[in-house]
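Novice: Following is a predicted model, sequence given first.
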Amino acid sequence: MFHVYGVGGRLYSGGAENLPVVPVQRIERLASVQQFMVDERPPEEPESLAATPAPPRSTLANDAVAAYGQAANPTLAPKRLPRLTSQVMTTTVVTVQADATLAEAAAWMLREHVGQAPVIDERQQLVGLLTRAQLLAAGADLEMSVREVMVSPVPAALPDTEVHLIAKVLLQADLPGLPVVDAEGGLSGFISRGDLLRVMADEPALEVWA
């Protein structure tokens, strides 16, 4: 189950199929705010490594068949697959205030090593989500408030939401992650694309996404 929050409070409660989300516009990285962003480019490989040929197709095919065989055979598959958001989410949530400046928010996010953060108002209620894209969209005007550029309304998941539904909403909304809230709307966690990728890497059985 999902909720949608904006500056006016909760706007929607229900399933993923009717979730009113607006895709986030992709924005090019701007030089004026690169000082606040972590360089995510992988280090250049030495020539000796760069020249190493890719593994043969037969090896990759064998890995795929092995993963499928694990999923099809209940005796080989993991006994407890992480199906729910509560099993995957990060419980330590880094938030930013809606009335903070972008310079303050960018510095805080960099210090905490996060690329996105739920935005809360003076009542500590969820009102939006701040991402790197919104920081970059602001250009050189880092004195703007977070409230002016944040994603809002923003979808939020409940802890008992199945992870495959989280993946669906992230794709539809083009967001890097979703806040997780309890029944009263209080923040209880955050689930990112990285969290979902870890599930896929650690639990290759196909039934986790069924």
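Specialist: Looks like it came in fine. Numbering: from 1, shown residues only.
Novice: okay, now Gly8: neighbour count?
Specialist: For Gly8, the neighbour count with other C-beta atoms under 10 Å is 9. Just so you know, the C-beta spots here come from the backbone N, C-alpha and C atoms, and that holds for glycine as well.
Novice: Okay, it and Gln125: tell me how far apart.
Specialist: Distance of Gly8 to Gln125, given as C-beta to C-beta, to the nearest Å: 10 Å.
Novice: how near is Val146 to Glu104?
Specialist: For Val146, the distance to Glu104 - C-beta to C-beta - is 8 Å.
Novice: Quickly list what's touching both of those two.
Specialist: Val96 (C-beta atoms under 8 Å, 6 or more residues apart in numbering).
Novice: what about these two, which has more around it?
Specialist: With neighbours defined as other C-beta under 10 Å, Val146 and Glu104 compare such that Val146 has more, 25 against 16.
Novice: Quick check: phi and psi on that one?
Specialist: phi -60, psi -40 (degrees, to the nearest 10).
Novice: again with Ala183
Specialist: Dihedral angles for Ala183 - degrees, to the nearest 10 - are phi -60, psi -30.
Novice: For the residue lying closest to it once chain neighbours are set aside, list the residues it contacts.
Specialist: Closest residue to Ala183 apart from its sequence neighbours, by C-beta to C-beta, 6 or more residues apart in numbering: Leu158 at 7.4 Å. Leu158 makes contact with Met1, Phe2, His3, Thr85, Val180, Val181, Asp182, Ala183 under the criterion C-beta under 8 Å, 6+ apart.
Novice: Same check on Met89?
Specialist: Contacts of Met89 (C-beta under 8 Å, 6+ apart): Pro159, Val180, Ser188, Gly189, Phe190, Ile191, Asp195.
Novice: I'm done for today, thanks for sticking with me.
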